[in-house]
Each structure stands twice: as C-alpha cells, then as structure tokens.
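> Got a sequence here, can you model it:
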Amino acid sequence: MNKAILGGLVIGCITIAAATATAQTIRLKASIPFEFNVGAATFPAGDYTVTKAGQAALMVIEDNDSGRYRSVVIVSPAVHQGKQTSDDDSALVFNRVQDRYYFRQAWRAGDPLGAEAPVSRSEKQAMLRAATQPEKVVLRASLN
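Numbers count the residues shown, from 1 in each chain. Down below sits the predicted model:
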C-alpha cells in the first residue's frame, strides 16, 4: 500500500515538473538585419530561431534559411531591470560595440525572466579597444 502511494506521488511530481519545464520554454523567431557574434562564432544577417528549453542552461541559436549556422551557448537567468520590452513584445538583445554586434539576451513576452549569454572574450576585447560601454540594440521577436 505504501509503495503504491509513494509511486503515485513520484509520478505526480514528475508530471508537474515536466509541465513546468515545458511552460518555461523560450522559442523565438527574429529577422536579424546585421552580422553578429555568439561566443566565438560569427553569424550573417538573416532569419533565426532561438530556443531555450525549460530550466536548461543552454540556448540554441540557428538560422532558418540554410541551417548551416548553429550555436549552443550557456545562458543564465536574466531579470528585467527597467523596461526593455513591453509585456506584449518578445525580444532579442544585442550589444553593439563600434560596428560589431554581440548576442546577449532573449526575452519572451510577459515573462519577467529571460536568458542571458555571457560576455564573450571578443566582446570584452572590443570594449577595451573602443574604450566605451556597449550600446543595447533590441530587436522584436515573435513566439514560435
């Protein structure tokens, strides 16, 4: 009897955890009009899908056109500091240093938590050379 109750509780917890993880998936599409960097990789302008599943600390960025450009980046949770987007807007955020763009964040509409990529070595070097702080560039994205 106790084993049956315990088994039922375990299955219930797994079901709730799976539903929670699914509900927190970020999957966005955006048309990015400039060349940009994700970590050490450089991506051409184009249409991209950005996916972060549940509580995973990984985000996948891939182009929708040829499928040739794909990167997996380790991300951490990001909390809105000020109003970057409205509750109706999903967005991708880039840092612009001189003429280079670096992927930084993904936000799903209505969600106070986003995903943030670490500052890459090349972005740090560019900021040192430019002796300036990066400019934030916010692109509207659509839910997929």
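> Can you get me a residue count around residue 48?
Using other CB atoms under 10 Å, residue 48 has 24 neighbouring residues. Every C-beta, even on glycine, is put in place using the N, C-alpha and C of the backbone.
> What distance do you get for it to residue 60?
Distance, residue 48 to residue 60, using CB to CB, to the nearest Å: 10 Å.
> in the protein, which helix or strand is least confident?
When each helix and strand of the chain is scored by mean pLDDT, DSSP states H and E, helix 2-23 comes last, with a mean of 41.
> Next secondary structure after that helix?
strand 26-32 (DSSP states H and E).
> buried sites along that following strand?
For strand 26-32, burial by neighbour count (16 or more other CB atoms under 10 Å) applies to 26-30, 32.
> residues making contact with that strand?
43, 45-52, 59, 64, 90, 92, 106, 108, 111, 114-115, 139-144 (CB atoms under 8 Å, 6 or more residues apart in numbering).
> Stretch 118-126 now?
Contacts for stretch 118-126 (CB under 8 Å, 6+ apart): 37-40, 74, 76, 95, 97-98, 100, 102, 104, 134.
> can you list the residues you listed in a markdown table and add pLDDT and distance to residue 126?
A markdown table is the format used below for those (pLDDT from 0 to 100; distance: CB to CB, whole Å):
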| residue | pLDDT | distance to residue 126 |
| --- | --- | --- |
| 37 | 95 | 9 |
| 38 | 93 | 14 |
| 39 | 89 | 14 |
| 40 | 88 | 13 |
| 74 | 91 | 20 |
| 76 | 91 | 21 |
| 95 | 97 | 9 |
| 97 | 96 | 4 |
| 98 | 93 | 7 |
| 100 | 95 | 6 |
| 102 | 97 | 8 |
| 104 | 95 | 13 |
| 134 | 93 | 8 |
